[in-house]
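Participant: Build the 3D model from these lines:
(2 chains)
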Amino acid sequence: MDVELFEIRQHMGRFAPFDTLSDALLDELVAGIEVAYYKAGSDILTLDQEVHELCYIRSGAVEVTRRNGDLYNRLGEGDIFGHFSLLRNHKARFPARAMEDTLIYFVPEGLFNRLCEADEHFADFVELERPRLETAVEEHKKHNDMMISRVRKLLTRYPLIVEASATVQDTARQLGDAHASAVLVLDKPGENPRYTFRDSQERAWQVIGILTDSDFRKRVVAEGLPPDTPVGEVVSDRLISIQSDESIHEAMLCMLRNNIQHLPVLHRRSPIGIIHLSDIIRHETHSSFYLVSNIFNQSSAEGLARLAPDVRSAFIRMVEDGADSRMIGSALSTIGRSFSRRLLELAEEELGPPPVPYCFMAMGSLARNEQSIVTDQDNALVLSDDFVFEAHDAYFSELAKRVIDGLDACGYSYCTGGIMATNRQWRQPLSVWKGYFRDWMRDPTPERLLHSSIFFDLDSVYGENPYVEELQDLVAGIAPKSPLFLAAMARNALNRTPPLGFFRTFVMEKNGKQNNSINLKRRGTAPMTDLIRVHALACGSRAQNSFTRLDDIDKTQLLATGVSDKLRYALEFLSMSRIRHQVIDLRNDRSPDNTIEPENVSDSERHNLKDAFQLLSNAQKFLKFRYPVPSVSR
Amino acid sequence: MSYFPLRRRQGPTWPDYLASRAAQAQHPLLVDFFTAGTPAAQTPISEVPMVAMDMETTGLDPTRHAIVSIGLVPFDMARIRLAERRYWVVHPPRPLVRESVAFHRITHSEVEYAPDLEAVLPELLEALAGRLVVVHFRHIERPFLDSAVQARLGEGILFPVIDTMSLEARLHRQSLWVRFRRRMGRPPVSIRLHNSRERYGLPTYQGHHALVDALATAELFQAQIAARFTPATPVGQLWS
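Facilitator: Numbers count the residues shown, from 1 in each chain, chains lettered A, B, ... in the order given. Predicted coordinates:
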């Protein structure tokens, strides 16, 4: 490299997409550039002019507008423009004008094409929005795959195995000799091919169940069975297992869901080990799993409140381990549910059993399994229809008070909108709840739905789950047939819009206004989940999680091919960006929030966020068009 | 327009001068150079091919000091073409003075194996021919080149240049406002390359490298035209 061009090379090498070019390519680039100066206010690209160069801003600032004159983007030092036109029809799609005195470095077309061919990263970057965002998310996942520990990592030995015909006495002796606490029971293959496998001698077997220490106590000794009873007679017929390549996180959730402590691990259909709860705890002392089991060991609301800092360390640990937003959201939701459950259990212990059955219901992010570290509580009580206000409400009122006070002490602050079980309006029998939902959906106005849209993310946390399932069924049944309701929900989903992007240390709004910070929830993830909810309601999905809702939406023709993938990438990127900034806050001993300051946003993150905002904005436009207010009034 | 010295000067115009030198010149290199000529004084600047030139020398006096390096960047009002840049380090006939070494960051060993200017003259003159030369401070490049060519080819060389420093001086050293400032005892505005560039929002480049300074001069000239003149300005109002 000519030393004299060092200056230019140094500058371009600092900015995307040139920052990842090899030295040789960067030298080639710098040697071939052309330069021009533009006084503030002068045109750099006029509409439809021929474009044969990529433009790089060396100094100054450039404003790019749409055909209709709307602001499209504001660019500063190190930004590029003109690549869209270069890759398409060589006509300037958006005119560009110098906002300040500006020095532009031009990369001639031949050189640009050469860079695209020689460097995949460069080509990805200059391609349109989606692939760039996709690349960012996929790269995080790739990274993730290396970081995430799989279940097989916990296995230290082959599982102890006996045939169903072995006696319980013989089996107990083998367990003792092997210092094992569980044994897998095999039998000749039966009707269920799911558990059939072949051993090393090509004999076919099926795993019929697992027998643990506690099974021996409860089913053999306590029942007084003779020592020669075959194990096949006492083994439980329900086998819960996990594949060896699943994550430890998944194994943990599986144990939690099924309330078990031993989990057989299969490679395809062959058993290769058994993991015990303690294996996981040993592996992840600081993990969310440990935290959850700790929550259930607390005997008072004060004890639970002392665990609040552990939630934060578990959160940081997950982000560091490279978990994606779905895993983090689901783990934090599991933790949130566990706090609620344990508080309810403790309240029931003190207040006595409930006079009528009930279900504790969560709304919002917890129901969606997308809880963040910054969250308030949104909950309600669905009571049995046998509920009699005079006789029973005192109990539930006190129960609700204990839970929501307890949750507040654990870091889940009171809901400012009053959507909590302590609010009598939200502590009602199932039939009343059904009436609420029917009312909202039959007589919707955007104003009425503004405060109730949160109820359209709902899930049970504790108690009579079927109550909430009935409500979910009701919503899924009525919503697709209610265009007026969908139109009102769609209109509310457009209340919060994304900004245009970033410019220097500002957030740039569509009207050209510049702000110092941006609330990534209000301007990103929330409008995104809002619009996914509307589509999900329209297609009768019962799912609550945004990603699962998109899976359901995919089964219909609602969105054009590829759109849902774009939304997934955008939501994942927006969520992870918010999470990363919360970790930065925690690291610096600041209380985490949903706000990000542009000066803390890296170059590549800016580009990806801008793409995600753009996708969100386009999706909002489609929403408006797809769910119009029906023209004929009812 | 009274402050344009050339307009007041009696005698031949630049195109006439180059034509007469083309007819008299002995050395073929100079015949070619002068024959390429220069645009008529009324040609709009936007139609003129130019080349920004900068030299590093061992001192300021062409009779005692010598050229060490030369940088050229061809350009016009639309584009500065870095791909066509030229740069030479030459071996000065007079020994390098220590302080000028530090100044230019060109080392003795670099210069030791460099050719004499005579060897690069054909390429240099070809790159300059037919292009209007743009420099920052014309009292270095033109006299040094004249003196060096005189010494090697037995004939001198003279051509019109646009001097970005004198264009800055017109704006900052001769206006009524400037005279008023001076009377008030305020320091004059700096018209050095770096300070001049700053006024147009141009980035800071490492100075004192002939090629970087040539690029910096070309950018400055584009900025001056954009800010103070128009692309239709006749070259006769700019050169000297």
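
Participant: near chain B, which residues of chain A?
Facilitator: A:2-8, A:11, A:30-40, A:42, A:58-60, A:100-103, A:106 (Cβ under 8 Å from any Cβ of the partner chain). All C-beta atoms are positioned from the backbone trio N, CA, C, and that covers glycine.

Participant: Return the subset of those residues lying in strands.
Facilitator: A:34-38, A:58-59, A:102-103, A:106 (DSSP state E).

Participant: Assign the closest residue to chain A within chain B to helix, strand or coil.
Facilitator: Residue nearest to chain A within chain B: residue B:201 (3.4 Å; Cβ to the nearest Cβ). Secondary structure state of residue B:201, per DSSP: H, G, I helix; E, B strand; the rest coil, is coil.

Participant: follow-up on the earlier one: could you dump the ones in strands among the residues of chain A next to chain B to JSON lines with neighbour count?
Facilitator: Converted to JSON lines, these look like this (neighbours: other Cβ atoms under 10 Å in any protein chain shown):
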{"residue": "A:34", "neighbour count": "19"}
{"residue": "A:35", "neighbour count": "21"}
{"residue": "A:36", "neighbour count": "22"}
{"residue": "A:37", "neighbour count": "28"}
{"residue": "A:38", "neighbour count": "23"}
{"residue": "A:58", "neighbour count": "19"}
{"residue": "A:59", "neighbour count": "20"}
{"residue": "A:102", "neighbour count": "27"}
{"residue": "A:103", "neighbour count": "24"}
{"residue": "A:106", "neighbour count": "23"}
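
Participant: Any chance of JSON lines for those, columns pLDDT?
Facilitator: Formatted as JSON lines, those follow (pLDDT from 0 to 100):
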{"residue": "A:34", "pLDDT": "94"}
{"residue": "A:35", "pLDDT": "94"}
{"residue": "A:36", "pLDDT": "95"}
{"residue": "A:37", "pLDDT": "95"}
{"residue": "A:38", "pLDDT": "95"}
{"residue": "A:58", "pLDDT": "94"}
{"residue": "A:59", "pLDDT": "92"}
{"residue": "A:102", "pLDDT": "94"}
{"residue": "A:103", "pLDDT": "95"}
{"residue": "A:106", "pLDDT": "95"}
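
Participant: Need phi/psi at the residue sitting nearest the centre point of chain B.
Facilitator: Nearest to the geometric centre of chain B sits residue B:135, at 2.5 Å (Cα atoms, centre = their mean). For residue B:135, the backbone dihedrals are phi -130, psi 170 (criterion: degrees, to the nearest 10).

Participant: Apart from its neighbours in sequence, what residue is nearest it?
Facilitator: Distance criterion Cβ to Cβ, 6 or more residues apart in numbering or on different chains; nearest residue to residue B:135, sequence neighbours excluded, is residue B:141 at 4.6 Å.

Participant: Quickly find the element holding the one you found.
Facilitator: Using DSSP states H and E, residue B:141 sits in helix B:138-153.

Participant: How far off centre is stretch A:156-174?
Facilitator: Put simply, stretch A:156-174 sits 42 Å off its chain's centre (Cα atoms, centre = their mean, to the nearest Å).

Participant: Stretch A:378-393: which residues count as buried?
Facilitator: Buried positions in stretch A:378-393, judged by neighbour count with 16 or more other Cβ atoms under 10 Å in any protein chain shown: A:378-384, A:387, A:392-393.

Participant: still on that earlier bit, give the rounded mean pLDDT of the helix holding residue B:141.
Facilitator: Helix B:138-153 shows a mean pLDDT of 91 in the predicted model.

Participant: Stretch B:16-27 now?
Facilitator: The model assigns stretch B:16-27 a mean pLDDT of 92.

Participant: which residues sit in contact with the closest residue to chain B within chain A?
Facilitator: Distance from chain B to each residue of chain A (Cβ to the nearest Cβ) is smallest for residue A:101, at 3.4 Å. By Cβ atoms under 8 Å, 6 or more residues apart in numbering or on different chains, residue A:101 lies in contact with A:37-40, A:59-60, B:200-202, B:223, B:227.

Participant: which of the residues you listed are buried?
Facilitator: Buried among the contacts of residue A:101 by 16+ other Cβ under 10 Å: A:37-39, A:59-60, B:200-202, B:223.

Participant: Where do the strands of chain B begin and end?
Facilitator: Going by DSSP E, chain B shows strands at B:50-57, B:67-75, B:80-81, B:86-89, B:132-135, B:161-163.

Participant: Looking at the ones you listed, which is nearest to residue A:95?
Facilitator: Nearest of the strands of chain B to residue A:95, taken as Cβ to Cβ: strand B:80-81 at 22.8 Å.
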